[in-house]
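# sequence first, then the predicted structure, then my questions.
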Amino acid sequence: MKTAGFPSALRLRFLAGLALAVWLGGCATQSVDWAGRVGYYTYEQAVSDLGKPEDEEKLADGARTAEWLTGRGYTYTEPDPGPNGPFYPTYPQTYTAPDQYLRLTFGSDGKLTAWRRVYR
């Protein structure tokens, strides 16, 4: 039986190239250059881009500090990989990662003056 279209070897190469392009495209992440935004990025733009902050504080000089949750922490427990016979008890190992926040500080003019990542 003869199939119409590409020969099978060419079709396989095309599908492999397409799968590679989709895989590489899925690995691309958008990284924000916060240091490059210092001096002109405003609080209103931050709220528009990131949503309402988790925590916000207005300082006496008119400046404002706001924090956005960027990654939820977790706790993971796994058993000890040692032998699990009746005479060898297992001791669980627990791994904990804290919540990740982005802290942006805006001056009294509403423009970004500092940024940092906070883990708690």
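Here it is on my side, so go on.
# burial measure for the closest residue to residue 47 other than its chain neighbours, as a count.
Of all residues not flanking residue 47 in the chain, residue 53 sits nearest, at 7.3 Å (C-beta to C-beta, 6 or more residues apart in numbering). Backbone N, C-alpha and C define where each C-beta goes, glycine included. Neighbours of residue 53 under the rule other C-beta atoms under 10 Å: 20.
# so residue 53 touches residue 64, yeah?
No: if you go by C-beta atoms under 8 Å, residue 53 and residue 64 don't touch, sitting 9.5 Å apart.
# how about the contacts made by the residue nearest to residue 47?
By C-beta atoms under 8 Å, 6 or more residues apart in numbering, the contact set of residue 53 is 46-47, 66-68.
# same check, this time on residue 119
With C-beta under 8 Å, 6+ apart, residue 119 has these contacts: 98-101.
# show me the contacts for the nearest residue to residue 99 once chain neighbours are set aside.
Spatial nearest neighbour of residue 99, chain neighbours left out: residue 73 (4.3 Å); criterion: C-beta to C-beta, 6+ apart. Going by C-beta under 8 Å, 6+ apart, residue 73 touches 96-100.
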